[in-house]
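Asker: Provide a 3D model corresponding to the input given below.
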Amino acid sequence: MRKFIYIIILFLVVLSCKDKNQDKKEIAKKQDVPFVWENANVYFMLTDRFKNGDTSNDVNFNRTLEVSKLRGFEGGDLKGVIQKIEEGYFNELGINAIWMTPIVEQIHGAVDEGTGATYGFHGYWTKDWTSLDPNFGTKEDLKELVEVAHKNGIRIVLDAVINHTGPVTEIDPVYGDDWVRTGPQCNYQDYESTVTCTLVKNLPDVKTESVENVELPKQLIEKWKAEGRYEQEVKELDEFFARTGYPRAPKYYIMKWLTDYITEFGIDGYRADTVKHTEEDVWQDFRTECDYAFTEFKKVNPDKVLDTNDFYLVGEIYNYGISGGKFFDFGDRKVNYFDNSFRSLINFEFKWNAAQNSYEELFSRYSSILNDQLKGYGTMNYVSSHDDGEPFDKERTKPFESATKLLLCPGTSQVYYGDESARTLIVEGAVGDANLRSNMNWDEIENNDKTKEILTHWQKLGKFRSNHPSVGAGVHKMISEAPYVFERTFLQNNFSDSVVVGLELNEGERELNVSSVFSDGTVLNEFYSGVEVKVKDGMVTVNSPFSIVLLEKKN
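Answerer: Here you go, the predicted structure:
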């Protein structure tokens, strides 16, 4: 009996090693394919709503007030993200970058903006840029997260807020009128009424136009002294301003604090919040400081660098659309936020294009704009988000179409947590954007067969995309309209990549023309079904029970 148990244990150990070796081989294979941000498959999560990996940090700063539905901290943290990376959840989904909402220390009090008492669970109500909020975890957790992510070929993008502090409460005093303005409130009629104003009532607007020297806010001084780090923080600030020559203006303090996360932890990018609500030169200077910090990190940590890509900056300009090319129109002024600032902008237009256009209209138009007007830059497309009340599929009735249009469209894809599992966007008792921010539906992923089917579709498309830069960063060309078949081709330096995709096909056996991409005798893998086919007379015959075909050269 004992011998039998020993054999079983030995078998399990061998099996485990085999699985780990296979995972390593797959990651190594991915590293042979150049990572291109324009083809990235980015997973965007509200850190607090994704996965609770450490219940001991669920309550901090006496945040015990009863709040409205889904407007308090729910427990999600960095350890939860680490767990899911190590489990392979993101690799199975073809994710190669994770963007998390801000994890810096939030205001301690609750605020009612008209939707009930709310804590800063979402991360956009900063109290101290230099500290992590203990609800999200520690700096040791962040260090581990970046290391574990990088080992799995995944980049980490944090969220940068320079435009405003958190709201004012009885225990969260205002920064002071040399740092912020508390009015007027923006009415968005033109450039001035979008930039030099507060986004909403009681959200102090940082005076990002200022180039005047200002002292540190007294509450930060008191806080840092109580934490025993005042002298160190001041020393680092002195060194920063001596190096850069910037005035000690509010925006430059914040830039220093944000870029510290690059030099200390080696994060790969920032998503910049509320970009159009600050002067454009803010982002040009931020670009400069991010690039400097990333270069310094690479010098000190050459073994921790994933590739030769520059630091990634993607901007959120609410209502920017790909149709605008490089410009956003304020009505009285057009601003180019790409040159010298952002590599990419979030594309608020995609959801409308996806709803109104056929696959070919959508894909060919995006390929044309990205390879012409926006060549060298990109857009980040999405079907749902944390603050868009009119997503592509609000009732989650089209999860398969959502995946197909998002993941096969040219441009960077943003998978909002739960898109891949049809997490509900309508919650009984929730008001406003709280509906968009429900907890990740892990139970449905585990136990619901329909949810598993949806997830499998997202996984197949996501992994195909991550394996092929041509999908998001290549040139699109239709091969045939009926059946609908297209090719994508990508060429960078000495690397070339080509795929052929068929959509809305008849199930079963069908012939596809691939002569423009693959030569006769080429063995292809049909990625969606796993079937192997060979090109003969420019054609392939694919027999599978699916209406989608993803063709790649074998190996």
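Asker: Which strands border the helix or strand that Val485 is a member of, and is each parallel or antiparallel?
Answerer: For Val485, the host element (DSSP states H and E) is strand 484-492. Strand pairing for strand 484-492, using DSSP bridges, gives strand 475-480 (antiparallel), strand 495-503 (antiparallel).
Asker: tell me the most buried of these?
Answerer: Looking across these with neighbours counted as mean count of other CB atoms under 10 Å, the highest average goes to strand 495-503: a mean of 21. Glycine gets a C-beta too; all of them are placed from N, C-alpha and C.
Asker: for the helix or strand that that one is followed by, packing partners?
Answerer: Using DSSP H and E, the helix or strand that follows strand 495-503 towards the C-terminus is strand 508-513. Contact partners of strand 508-513 among helices and strands, from 3 or more CB pairs under 8 Å, 6 or more residues apart in numbering; DSSP states H and E: strand 475-480, strand 495-503, strand 539-544, strand 549-553.
Asker: Distance from the shortest one to the middle of the chain?
Answerer: Distance of strand 549-553 from the chain centroid (CA atoms, centre = their mean, to the nearest Å) equals 27 Å.
Asker: by contact count, what packs against it?
Answerer: Secondary elements touching strand 549-553 (3+ CB pairs under 8 Å, 6+ apart): helix 449-467, strand 495-503, strand 508-513, strand 523-526, strand 539-544.
Asker: on contacts alone, who are the packing partners of the following helix or strand past the first one?
Answerer: Using DSSP H and E, the helix or strand that directly follows helix 449-467 along the chain is helix 469-473. Contact partners of helix 469-473 among helices and strands, from 3+ CB pairs under 8 Å, 6+ apart: helix 449-467, strand 484-492, strand 495-503.
Asker: Need the winner for burial among the ones you listed.
Answerer: strand 495-503 (a mean of 21).
Asker: Strand 508-513 and that one, what's the angle between them?
Answerer: Taking axes from the mean of the first three to the mean of the last three CA atoms, to 10 degrees, one finds strand 495-503 and strand 508-513 inclined to each other by 130 degrees.
Asker: contacts for strand 495-503?
Answerer: Contacts to strand 495-503, defined as CB atoms under 8 Å, 6 or more residues apart in numbering, come from residues 33-34, 359, 404, 408, 464, 468-471, 474, 479, 483-491, 510, 512, 514, 517-518, 542, 547-553.
Asker: Could you pull up the mean pLDDT of it?
Answerer: For strand 495-503, the mean pLDDT works out to 97.
Asker: count of neighbours near Glu289?
Answerer: Neighbour count of Glu289, defined by other CB atoms under 10 Å: 19.
Asker: contacting residues for it?
Answerer: Counting by CB under 8 Å, 6+ apart, Glu289 touches 244, 255-256, 259.
Asker: Would you quantify the distance from the nearest residue to Tyr312 once chain neighbours are set aside to Tyr261?
Answerer: Nearest non-adjacent residue to Tyr312, counting by CB to CB, 6 or more residues apart in numbering: Gly269, 3.1 Å away. Between Gly269 and Tyr261 the computed distance is 11 Å (CB to CB, to the nearest Å).
Asker: What of Gln284?
Answerer: Applying CB to CB to Gln284 and Tyr261 gives a distance of 20 Å.
Asker: and what of Leu406?
Answerer: Relative to Tyr261, and taking CB to CB, Leu406 is found at 28 Å.
Asker: before we move on, what about Glu140?
Answerer: Between Glu140 and Tyr261 the distance, using CB to CB, works out to 14 Å.
Asker: all strands for the stretch 201-350 of the chain, in order.
Answerer: Assigned by DSSP state E, counting those that start in this stretch, the strands in the stretch 201-350 of the chain fall at 205-206, 269-272, 312-315, 327-329, 334-336, 344-347.
Asker: Out of those strands, which is closest to Val300?
Answerer: strand 269-272 (18.7 Å; CB to CB).
Asker: What helices and strands are in contact with the closest one?
Answerer: Where contact means 3+ CB pairs under 8 Å, 6+ apart, strand 269-272 is packed against strand 97-100, strand 155-160, helix 280-300, strand 312-315.
Asker: any idea how far the second one is from the chain center?
Answerer: If you compare the mean C-alpha spot of strand 155-160 with that of the full chain, they lie 7 Å apart, counting by CA atoms, centre = their mean.
Asker: Mean confidence (pLDDT) on it, please.
Answerer: Averaged over strand 155-160, pLDDT sits at 98.
Asker: and the angle for that strand with helix 280-300?
Answerer: On the basis of the same axes, to 10 degrees, strand 155-160 is oriented at 140 degrees to helix 280-300.
Asker: With distance to Ser131, mean neighbour count and mean pLDDT added, can I get the strands of the stretch 201-350 of the chain in CSV?
Answerer: Below are these laid out as CSV (distance: least, CB to CB, whole Å; neighbours: other CB atoms under 10 Å; pLDDT from 0 to 100):
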stretch, distance to Ser131, mean neighbour count, mean pLDDT
strand 205-206, 18, 24, 98
strand 269-272, 18, 26, 98
strand 312-315, 23, 24, 98
strand 327-329, 33, 16, 97
strand 334-336, 33, 15, 97
strand 344-347, 27, 25, 98
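Asker: would you turn those strands into a markdown table with distance to Tyr175?
Answerer: A markdown table is the format used below for those (distance: least, CB to CB, whole Å):
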| stretch | distance to Tyr175 |
| --- | --- |
| strand 205-206 | 8 |
| strand 269-272 | 20 |
| strand 312-315 | 24 |
| strand 327-329 | 28 |
| strand 334-336 | 27 |
| strand 344-347 | 27 |
